[in-house]
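Visitor: Need a 3D model of the following:
(chains A and B)
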Amino acid sequence: MVSSEKENGHGGGANFVEVVVLTTSGSYPEQGADQVNANQKVDVILKKAATALNLTDTSGWLVRDGDQPVNPDASFAAQGLHGTVELDWGPEEGGGGA
Amino acid sequence: MHDLVSKRIFAEETAGLTRRLCEGRSWQLFGVSYPVVDVGFTGAGRPGLRLRMTCDNYNELPASIELLNLNGEPISPMISCPKSIFNSSTHPTTGKPFVCYPGSRQYHTHPSHVTDDWSNYRGSDRYKLGGLIFQLWRAWQKARP
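Guide: Here you go, the predicted model:
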């Protein structure tokens, strides 16, 4: 099932993308995909995902679509993300030690 | 820590390792049954890496991590990782190469890091089991094939 901004009356004829955020703490939404305005910043849905998945500290986390890095401060459209987008989100590793 | 509490934390922190997630990342989930989570990384044009993470008394203690090939044998040759996360020297306790990174029991018990206590990391999303697996996966992706 796709939850939709358009269904909620906020679409205004804009282009939409269907988005899933994948993390090792779970997926957002849990089932299906979230339909969002393609001109929306990626960060908006990441914040929704963090809240839904009880992620309290996502500083230093990186987001990718497949092998391609995604800029959370830019929109889906500006980064050529369209159709169904799976955002793979997680903490980037730092250096090791011994 | 009481075993029931440890099992609950383990279950919470491994619940996100779903088939959907693993397929999307080319992870092979060999098993998740307390106290062991056993996951392999494939693809990326390099030999696979399998992590067998034993989480007894978790999260009072961090996970003890074995580095294996996809057949479950000790990995050889060792992964060449510029950040030394996969350390080819022998750990003084296990006598094996080890994960030299916070969240690994071998890191926190290594003489070079005993002052960097696990309590500095325990419970943060980055160092929960899933977050740690993700970081080690990224390190493996960046290692020389």
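
Visitor: now chain B, which segments are flagged as low pLDDT?
Guide: Per-residue confidence for chain B (pLDDT under 70) gives these ranges: B:82, B:145.

Visitor: Could I get the phi/psi values of the closest residue to chain A within it?
Guide: Using C-beta to the nearest C-beta, the single residue of chain B nearest to chain A is residue B:130, 2.6 Å away. (Each C-beta comes from the backbone N, C-alpha and C, glycine too.) Torsion angles at residue B:130 (phi, psi; degrees, to the nearest 10) stand at phi -60, psi -40.

Visitor: Count the residues that sit near the nearest residue in space to residue B:70 that is not next to it in sequence.
Guide: Nearest non-adjacent residue to residue B:70, counting by C-beta to C-beta, 6 or more residues apart in numbering or on different chains: residue B:48, 4.0 Å away. For residue B:48, the tally of surrounding residues (other C-beta atoms under 10 Å in any protein chain shown) stands at 17.

Visitor: before we move on, what about residue A:61?
Guide: As a measure of burial, residue A:61 has 19 neighbours, counting by other C-beta under 10 Å.

Visitor: From chain B, how far out is it?
Guide: The spacing between residue A:61 and chain B, counted by C-beta to the nearest C-beta, to the nearest Å, is 8 Å.

Visitor: Retrieve the pLDDT associated with that residue.
Guide: On pLDDT, residue A:61 comes in at 94.

Visitor: Quick check: it touching residue A:89?
Guide: Yes. Counting by C-beta atoms under 8 Å, residue A:61 touches residue A:89, with 5.9 Å between them.
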